[in-house]
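Trainee: One predicted model, sequence on top.
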Amino acid sequence: MRRILHYIYYWLPPLLWMGIIYYMSSQKSIGMTHDKAGDFVVFKSLHMVEYALLFFLLYRAFSSVKIRAQFFYPFFIAVIYSATDEFHQLFISTRQGAFRDIFFDIAGMLVMYGIIRNIRLVRKLL
């Protein structure tokens with residue numbers, strides 16, 4: 001029972017977040033501002049935030065199994081998920097899958113990795 005709760009605690013959040021990303025990608029595209037450049041900034045920032053959070057949740061899940069490549073596996077899974085999400089958007093009538101969005105997603109992941117790394121460095125110093 002303890003093992004099941006362990007997996008639920010660590011692995012359910014990233015799986016739920018992936019489901020939320022998929023659901024949001026399936027929705028109609030809307031404009032947030034009345035300016036095309038403003039919409040671009042808002043939506044690309046959202047890409048970065050959603051994939052930074054996905055990377056964090058995957059990083060947390062993989063840290064629970066104590067493997068050496070704590071960065072590689074979450075990063076790899078999140079990048080693959082980003083690519084499949086963009087492919088999925090090709091089939092949504094009001095959406096467009098864009099290769100460049102994967103780079104915004106990766107940028108969010110790298111920012112989160114930097115934050116995690118700095119927090120871990122500060123903890124070592126204290």
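Mentor: Cool, got the structure. Numbering: from 1, shown residues only.
Trainee: Contact partners for Tyr22?
Mentor: When contacts are counted by Cβ atoms under 8 Å, 6 or more residues apart in numbering, Tyr22 touches 85, 88. Bear in mind the C-beta positions are built from the backbone N, C-alpha and C, glycine included.
Trainee: try 10 Å
Mentor: Applying Cβ atoms under 10 Å, 6 or more residues apart in numbering, we find Tyr22 in contact with 81, 84-85, 88.
Trainee: pLDDT wise, what is it at?
Mentor: Here, the pLDDT recorded for Tyr22 equals 94.
Trainee: Using just helix, strand and coil, how would you label it?
Mentor: When classified by DSSP: H, G, I helix; E, B strand; the rest coil, Tyr22 comes out as helix.
Trainee: Check the gap between it and Glu86 for me.
Mentor: Distance, Tyr22 to Glu86, using Cβ to Cβ, to the nearest Å: 12 Å.
Trainee: related to what we said a few turns ago, for the contacts of Tyr22, which one is nearest Ala37?
Mentor: Lowest distance from Ala37 to the contacts of Tyr22 (Cβ to Cβ) belongs to Asp85, with 23.6 Å.
Trainee: Got the confidence number for Val122?
Mentor: Taking Val122 on its own, its pLDDT is 87.
Trainee: Output the below-cut-off pLDDT ranges for this protein.
Mentor: Residues of the chain that meet the criterion pLDDT under 70 lie in 31-33.
Trainee: before we move on, the earlier item: would JSON lines of the contacts of Tyr22 with secondary structure and neighbour count be doable?
Mentor: JSON lines is the format used below for these (DSSP: H, G, I helix; E, B strand; the rest coil; neighbours: other Cβ atoms under 10 Å):
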{"residue": "Tyr81", "secondary structure": "helix", "neighbour count": "19"}
{"residue": "Thr84", "secondary structure": "helix", "neighbour count": "14"}
{"residue": "Asp85", "secondary structure": "helix", "neighbour count": "22"}
{"residue": "His88", "secondary structure": "helix", "neighbour count": "15"}
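Trainee: Done for today, thanks.
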